[in-house]
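K.L.:
Provide a 3D model corresponding to the input given below.
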Amino acid sequence: MDEAIGIDQLNQMIPEVTDLILPWLGVLVSIVIFLWFKDFATQLAKGLAFKHDPHFQEGDLVWLEDEPATIIKIGATQTIFGIVNGRGMIWRFVPNSEIHSVKLEKIVSDKIHYDSEQEQARQLRELLELTEEQDEMISANKERDVQQDETIARIDDYNEIQDKKMEQHRKHLEKMIKSLEDKLT
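P.N.:
Predicted structure coming up:
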């Protein structure tokens, strides 16, 4: 009979214990879910902020912790960097929640500067002006070449005339020398 009383008492205590534990278990599960979601939401927000940062785009060359790297992919929760070393390319996965704490510097070429459409238009105009200037220089050089060719042709004609005169003088001198020799002999 004592066992039956113990089981009856135990059966009566289960709802009381359940009423005591269940709220605490619900609070504990809620805290765990909140902490997990908070970390996920923070990582997601930082990832979206980094993805929409105009200073960094996929394919950019950067210095990541004193190593040259390329941004391969900017994801929602992590960013993938490609680092080339002697063994090949290493992909480094950096959580977006830590992206603002790592040393990250963008490598910008000093020869290319595309901040705005106005800058691009200005550079294009400069290139077109250079092309026009070069075309003008080429035309001027062609005209000079034609003038030089004409001058060379005139000089060649003059030299030919002079050569003919020299030949005539030589023949005339030979005749004179021959006639003098004939007179002397």
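K.L.:
Enumerate the strands of the protein by residue range, in sequence order.
P.N.:
Assigned by DSSP state E, the strands in the chain fall at 61-64, 67-74, 78-85, 88-95, 104-106.
K.L.:
From the chain's centroid, how far away is the third one?
P.N.:
Per CA atoms, centre = their mean, to the nearest Å, the displacement of strand 78-85 from the mean C-alpha position of its chain is 16 Å.
K.L.:
What residues sit buried inside that strand?
P.N.:
Within strand 78-85, the residues that count as buried by 16 or more other CB atoms under 10 Å are 78-83. C-beta coordinates here come from the backbone N, C-alpha and C atoms, glycine included.
K.L.:
Out of those residues, the closest to Gln134 would be?
P.N.:
Nearest to Gln134 among the buried residues of strand 78-85 is Gly82, at 39.8 Å by CB to CB.
K.L.:
got a list of what that closest one touches?
P.N.:
69-72, 89-92 (CB atoms under 8 Å, 6 or more residues apart in numbering).
K.L.:
Rank the residues you listed by pLDDT and give me only the lowest.
P.N.:
Note: of those, the lowest pLDDT belongs to Met89, at 84.
K.L.:
for the closest residue to that one other than its chain neighbours, which residues make a bridge with it?
P.N.:
Distances taken as CB to CB, 6 or more residues apart in numbering place Gly82 nearest to Met89, at 5.0 Å, with adjacent residues excluded. Applying DSSP bridges to Gly82 gives these bridge partners: Thr70, Trp91.
K.L.:
Make 59 the starting number, not 1.
P.N.:
Happy to do that; since the first residue is 59 now, the last one works out to Gly140.
K.L.:
Model confidence for Lys104, exactly?
P.N.:
According to the model, Lys104 carries a pLDDT of 82.
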